[in-house]
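Q: Predicted model and sequence follow; I will ask about them next.
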Amino acid sequence: MGNLAPQKSLNMKNVAVIGAGTMGNGIAHTFAQFGYTVALIDISQDSLDKAMKTITKNLDRLVAKERLTEVQKEATLANLTTYTKIEDGVKSAELVVEAATENIDLKLNIFKTLDEVCASETILASNTSSISITKIASVTNRPDKVIGMHFMNPVPIMKLVEIIRGYATSDEVTNTIMEASKSLNKIPVEVNDYPGFIANRILMPMINEAIYSLYEGVAGVEEIDTVMKLGMAHPMGPLQLADFIGLDVCLSILNVLKDGFGNPKYAPCPLLINMVTAGKMGVKSGEGFYSHTHGTKELIVADNFKK
């Protein structure tokens, strides 16, 4: 049973997670599964209810695969409490992980509030995939205790956590968060705070180049993904992956890269911009480069791209 270890991170045991979306519920699930007491916070009670259903369903799946026992599942659920007000949920938190929508103004407001309502020694982490940790830290009075903790989706399965040091993040806080990540059976990798960090700085230009290749008629959707899967041993082609991430998220991260570096090589492909404008966001909207409404795992190219 390698999936349930007693938490051993420098005596830290109370964690609050802000945002009950895909990433937030995965992060809350993972901390709870490894013995932390978790407060999951979202302004929407409906989102919290959906998150608890998702967590229960994902735990049931782990039990069915014999990666967890029923007792461990119940213990995980018992470690989770939901709140609709930040100040109620963070009262005893030693670490807060923010996983709200990837919107800079929203995140800055959340961190301003957290800085006011959390205990002075509480570490404030963000699961941002591209927004500057230094910028987020600048609205608080504890920039040494602000850090990036970028989990990958799906959180309970993916091993990597990108740990992003802001300009003022202390060694002590970095070490605490590295240890906390290891206590979740994850592999933390420390990176510095520049646009896109490492994961998205390398991944997004690849996805953008794949979209450009389609846009310029070099090859079709299936052909592009097949080349990367069979030629480069990628488990998923870049266009399928873009659909999974969300085309709106890809566009937003490319804009962060373009603005952050001032380099036109990061400019998002016009086809990507058009698709997002048309509401074709990938899996979440039912259509992107592939169609996702047929209820099977089979890859079916969207009508717009059929030959």
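A: Nice, thanks for sending it over.

Q: quick one: the strands in the chain?
A: For the chain, the strands defined by DSSP state E occupy 14-18, 37-41, 80-83, 95-98, 123-126, 146-151, 160-165, 187-192, 290-291, 300-301.

Q: Those into CSV, with extra columns for mean neighbour count?
A: From N, CA and C alone the C-beta is placed, and that goes for glycine too. Below are those laid out as CSV (neighbours: other Cβ atoms under 10 Å):
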stretch, mean neighbour count
strand 14-18, 27
strand 37-41, 25
strand 80-83, 18
strand 95-98, 26
strand 123-126, 26
strand 146-151, 26
strand 160-165, 22
strand 187-192, 15
strand 290-291, 20
strand 300-301, 15
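
Q: Of the ones you listed, which is nearest E172?
A: E172 sits nearest to strand 123-126 of all those, at 9.7 Å, using Cβ to Cβ.

Q: who does that closest one touch, helix- and strand-wise?
A: strand 95-98, helix 104-117, strand 146-151, helix 171-183 (3 or more Cβ pairs under 8 Å, 6 or more residues apart in numbering; DSSP states H and E).

Q: Nearest to G196, out of the ones you listed?
A: strand 146-151 (10.5 Å).

Q: what does the closest one contact?
A: Here strand 146-151 makes contact (Cβ atoms under 8 Å, 6 or more residues apart in numbering) with 23, 26-27, 30, 97, 111, 123-129, 133, 136-137, 140, 158, 160-166, 168-169, 173-174, 177, 181, 186, 193, 197, 199.

Q: And for stretch 272-284?
A: Contacts of stretch 272-284 (Cβ under 8 Å, 6+ apart): 208, 211, 242-248, 250-251, 254, 285, 287-289, 292, 302, 304.

Q: Kindly state the domain boundaries assigned to this protein.
A: Following automatic domain parsing, one gets these domains for the chain: 14-192, 200-305.

Q: what's the most buried one of those domains?
A: Highest mean neighbour count among the domains of the chain (mean count of other Cβ atoms under 10 Å): domain 14-192, with a mean of 19.

Q: circling back to that earlier point, could you save the helices and strands packed on strand 123-126 as TSV and add columns showing distance to A39?
A: As requested, the helices and strands packed on strand 123-126 are exported to TSV (distance: least, Cβ to Cβ, whole Å):
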stretch	distance to A39
strand 95-98	9
helix 104-117	12
strand 146-151	16
helix 171-183	16
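
Q: Kindly reformat these as TSV containing mean pLDDT.
A: Formatted as TSV, these follow (pLDDT from 0 to 100):
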stretch	mean pLDDT
strand 95-98	98
helix 104-117	97
strand 146-151	98
helix 171-183	97
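
Q: Now do H294, the pLDDT please.
A: On the pLDDT scale, H294 is placed at 88.

Q: Show me where the chain has its helices.
A: 22-33, 45-64, 70-78, 86-89, 104-117, 133-137, 171-183, 199-215, 221-226, 232, 238-245, 247-261, 270-277 (DSSP state H).

Q: Next, the contact list for L247, please.
A: For L247, the contact set (Cβ under 8 Å, 6+ apart) comprises L272, M275, V276, K280, M281, G282, G288.

Q: Return the member of the residues you listed nearest to V63.
A: The closest of the contacts of L247, once distances to V63 are taken by Cβ to Cβ, is G282, at 29.7 Å.

Q: Tell me the bridge partners for the closest one.
A: For G282, the beta-bridge partners under DSSP bridges are E287.

Q: where's it relative to M228, distance?
A: From G282 across to M228, the span is 17 Å (Cβ to Cβ, to the nearest Å).

Q: hmm, back to that, and the contacts of L247 as a markdown table, adding distance to L77 and pLDDT?
A: Shown next, in a markdown table, are these (distance: Cβ to Cβ, whole Å; pLDDT from 0 to 100):
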| residue | distance to L77 | pLDDT |
| --- | --- | --- |
| L272 | 39 | 98 |
| M275 | 39 | 98 |
| V276 | 37 | 98 |
| K280 | 36 | 98 |
| M281 | 31 | 97 |
| G282 | 30 | 97 |
| G288 | 34 | 98 |
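
Q: Redo those residues as a markdown table? Include distance to A64.
A: Shown next, in a markdown table, are those (distance: Cβ to Cβ, whole Å):
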| residue | distance to A64 |
| --- | --- |
| L272 | 37 |
| M275 | 36 |
| V276 | 36 |
| K280 | 34 |
| M281 | 30 |
| G282 | 27 |
| G288 | 30 |
